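K.L.:
Mind folding the following:
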Amino acid sequence: MPRIPIFKLGPSAGSYPLRLISYTPALSLDGLQLGIDNVRHDVWLSPEFTKVAGVQIAKLIAKYGNIESLTVAEPASSKSMFAKFVPGAAKKVPDLKPLLLELHKSALNRAKAEGNPVIDLLGRASIIKFLRGELSAQYTKALERCRGTLRGYEGVRQQKALEYRETVAAFQIAKKRILRQAGQELFRILREIERENLATMRRSLFGEQRDADYQLFLHQFIFLEESRDSYLAADHYVLIGGFENDPDSFGNIRALAFEFLRSVVSENESSDDAQIDGWLNAPENAHELVGTGEPSERDHKARLQPWIELLEREKLLDLAIAAYEVVSLLPEFTPLLDPQQLKYALVFRKERDRVEKLIEEHGKLSARSAQPSSRKSESDRQREIA
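P.N.:
Residues are numbered from 1 along each chain as shown. You can find the predicted model right below:
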C-alpha cells in the first residue's frame with residue numbers, strides 16, 4: 001500500500017475542483033452457506049498443508065528468536081549423541097510457498113467451478129486466520145521445547161545451562177519482535193504469489209470484480225497480535241503516537257484531518273464523519289489534495305500551506321517531520337530503542353537526554369548518529385514553513 005504523507009496534506013481551495021475517492025473496508029461473504037454452528041463458515045484445510053505450515057513457521061520462530069541451536073540441543077548421553085548422527089533421521093520438509101500457491105489456486109478453481117468468487121475470498125480469509133493462529137501456537141511450542149531442553153541440562157552442564165537460560169529469557173522478552181518478523185516473512189510470501197500468479201489468474205477467471213476486497217489481505221499489520229506496531233508503521237505507513245495521551249495520537253491527527261478536509265471540500269458536498277472516513281481510507285487522495293511537493297503544482301500548494309498551519313497550530317509539525325526522519329535511524333538503534341522513542345528524541349530535549357543516557361549505558365551505539373537527523377528535522381521544518 002502507498003505511504004500516506006501525513007505532513008504533506010494540505011487545505012485551502014485550489015483553482016480546480018477536488019476529485020476525492022472514498023473507500024470503506026469491508027468483506028462480504030453473503031451467499032455462502034453457514035457452517036454447523038449457523039454462525040461461522042466451515043473451511044477444511046488439508047492435514048498435509050497444516051503440518052508443513054506448522055513446521056515451516058516453527059523454523060521461522062527459531063530463526064528470528066535465535067534459538068535454532070537450542071531447539072535441537074540434547075543433554076549429553078550416548079543415546080542422544082548417537083541419534084544426532086543417524087542418517088535420514090530428519091526428512092526434508094517441503095517449502096511453504098509452493099503449498100500456499102497450490103492452496104490458493106484450489107480456492108480459485110473451486111470458486112470458478114461454482115461461479116461464486118466469494119468462495120475464493122473465504123479461502124483467503126481462512127488461510128490468513130490459520131497462519132495467524134499457527135504463529136502464536138508455534139511460538140508457545142518453541143518456548144516449551146526450550147524449557148524442556150533447559151531442564152535436561154540442570155545438574156549436568158552448569159555452564160551450558162546458564163547459557164541456555166539466558167537464551168530462553170531473551171526469547172521471551174523478544175516475543176513481539178519475533179512474531180512480527182515471522183509474520184512479515186509470511187506476508188512476503190503471500191504478496192509474491194499474489195503478484196506472480198494469483199492476481200493474473202483471478203482476473204482471467206472473474207475479471208476485476210471485487211478487486212477492492214483483496215486489498216484487505218495486503219495490509220502489513222495482518223499478522224500482528226495487536227493492531228499497532230511502531231516498526232511497521234514507521235517503515236510502511238506513518239509513525240503517529242501509540243497512546244491516547246501522545247500529542248500526535250491517532251485521535252488528535254484524525255480530528256485535525258477532519259477539520260482540514262471540511263475546510264477544502266465544496267459547501268455543496270457532504271462532509272459528514274462517514275464520508276470523511278471514506279476519504280481518509282483512500283491514500284490516493286493525498287496526491288489529489290497536495291500533489292508531490294513540486295513547485296509547479298500551484299493548486300496543491302495552495303492547500304498544503306493551510307495544512308502546515310494546522311500542524312503548526314497544534315505543535316505537531318516537528319513530530320510529523322520526525323516520523324519520516326526516524327526511518328533511516330531504525331537499522332542502527334533498534335531493537336535497543338523503540339521507533340517512538342527515537343521520534344520523540346528528535347523533537348524533545350528531555351526525551352533526547354533520556355535516549356542518549358540509555359545509549360551510553362549500553363555502550364554499543366553512538367548518540368551522535370541521531371544528531372544529524374535531529375538537525376535535518378529542524379531544517380525540514382523551516383523549509384516547509386517557508
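
K.L.:
In contact with the spatially closest residue to Glu314 that is not a sequence neighbour, which residues?
P.N.:
Nearest residue to Glu314 in three dimensions, chain neighbours excluded: Leu256, at 6.1 Å (Cβ to Cβ, 6 or more residues apart in numbering). C-beta: built from backbone N, CA, C; applies to glycine. Residues in contact with Leu256 (Cβ atoms under 8 Å, 6 or more residues apart in numbering) are Leu310, Leu311, Glu314, Leu316.

K.L.:
And Ala320, how close does it get to Val355?
P.N.:
19 Å (Cβ to Cβ, to the nearest Å).

K.L.:
Between those two, point out the one with more neighbours.
P.N.:
A side-by-side neighbour count of Ala320 and Val355, using other Cβ atoms under 10 Å, places Ala320 first with 27 against 21.

K.L.:
wait, doesn't that one sit right on Asp248?
P.N.:
Yes: counting by Cβ atoms under 8 Å, Asp248 is a contact partner of Ala320 at 7.3 Å.

K.L.:
got the contact list for Ser266?
P.N.:
By Cβ under 8 Å, 6+ apart, Ser266 lies in contact with Pro17, Leu18.

K.L.:
per-residue pLDDT, it?
P.N.:
We have a pLDDT of 72 for Ser266.

K.L.:
Repeat that for Leu190.
P.N.:
pLDDT at Leu190 comes out at 96.

K.L.:
How about the secondary structure of it?
P.N.:
The three-state label given to Leu190 by DSSP: H, G, I helix; E, B strand; the rest coil is helix.

K.L.:
Can you report how many residues neighbour it?
P.N.:
Count around Leu190 with other Cβ under 10 Å applied: 23.

K.L.:
same thing with Gly183?
P.N.:
Gly183 has 24 neighbours, counted by other Cβ under 10 Å.

K.L.:
For the protein, give the helix that spans the most residues.
P.N.:
helix 118-153 (DSSP state H).

K.L.:
so what secondary structure elements neighbour the helix or strand that that one is followed by?
P.N.:
Next along the chain after helix 118-153, taking DSSP states H and E as the criterion, comes helix 158-173. Counting contacts by 3 or more Cβ pairs under 8 Å, 6 or more residues apart in numbering; DSSP states H and E, helix 158-173 packs against helix 68-71, helix 118-153.

K.L.:
highest average neighbour count across the ones you listed?
P.N.:
Comparing the helices and strands packed on helix 158-173 by mean neighbour count (mean count of other Cβ atoms under 10 Å), helix 118-153 ranks first with a mean of 18.

K.L.:
What residues does Pro295 make contact with?
P.N.:
With contact set as Cβ under 8 Å, 6+ apart, Pro295 has these partners: Lys301.

K.L.:
can I get the CA coordinates of stretch 205-215 in CSV?
P.N.:
What follows is stretch 205-215, C-alpha atoms only, in CSV (Å, rounded to 0.1, in the frame of the first residue of the first chain):
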residue,chain,number,x,y,z
LEU,A,205,-11.5,-16.1,-14.3
PHE,A,206,-13.6,-13.3,-12.8
GLY,A,207,-12.3,-10.0,-14.4
GLU,A,208,-11.7,-7.1,-12.0
GLN,A,209,-14.8,-7.6,-9.8
ARG,A,210,-14.2,-7.4,-6.1
ASP,A,211,-10.6,-6.3,-6.5
ALA,A,212,-11.0,-3.9,-3.6
ASP,A,213,-11.9,-6.8,-1.3
TYR,A,214,-8.5,-8.3,-1.8
GLN,A,215,-6.7,-5.2,-0.6
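
K.L.:
Below-threshold pLDDT in the chain: ranges please.
P.N.:
Per-residue confidence for the chain (pLDDT under 70) gives these ranges: 1-16, 35-39, 71-91, 155-157, 267-268, 270, 293, 363-386.

K.L.:
from the chain's centre, how far out does the helix or strand harbouring Leu256 sit?
P.N.:
Applying DSSP H and E as the criterion places Leu256 in helix 250-264. Centroid separation between helix 250-264 and its chain, computed with Cα atoms, centre = their mean, to the nearest Å, is 24 Å.

K.L.:
the inter-axis angle of the helix or strand just after that helix versus helix 250-264?
P.N.:
Sequence order places helix 273-280 as the next helix or strand after helix 250-264, per DSSP H and E. Angle, helix 273-280 to helix 250-264, by axes from the mean of the first three to the mean of the last three Cα atoms, to 10 degrees: 100 degrees.

K.L.:
Just the buried positions in helix 273-280, please.
P.N.:
Gln275, Ile276, Gly278, Trp279, Leu280 (16 or more other Cβ atoms under 10 Å).

K.L.:
Touching it from outside, list them.
P.N.:
By Cβ under 8 Å, 6+ apart, helix 273-280 touches Leu20, Ile21, Ser22, Tyr23, Thr24, Arg254, Ala257, Phe258, Leu261, Arg262, Asn285.

K.L.:
Quick check: next helix or strand after that helix?
P.N.:
Past helix 273-280, the next helix or strand by DSSP H and E is helix 284-290.

K.L.:
Can you dump the C-alpha atoms of stretch 113-120 in PDB for me?
P.N.:
Taking Å, rounded to 0.1, in the frame of the first residue of the first chain, the C-alpha atoms of stretch 113-120 are listed here in PDB:
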ATOM      1  CA  ALA A 113     -16.500 -24.100 -10.800                       C
ATOM      2  CA  GLU A 114     -19.300 -22.900  -8.600                       C
ATOM      3  CA  GLY A 115     -19.500 -19.500 -10.300                       C
ATOM      4  CA  ASN A 116     -19.100 -17.700  -7.000                       C
ATOM      5  CA  PRO A 117     -15.900 -15.500  -6.400                       C
ATOM      6  CA  VAL A 118     -16.900 -15.200  -2.700                       C
ATOM      7  CA  ILE A 119     -15.600 -18.700  -2.200                       C
ATOM      8  CA  ASP A 120     -12.100 -17.500  -3.000                       C
END
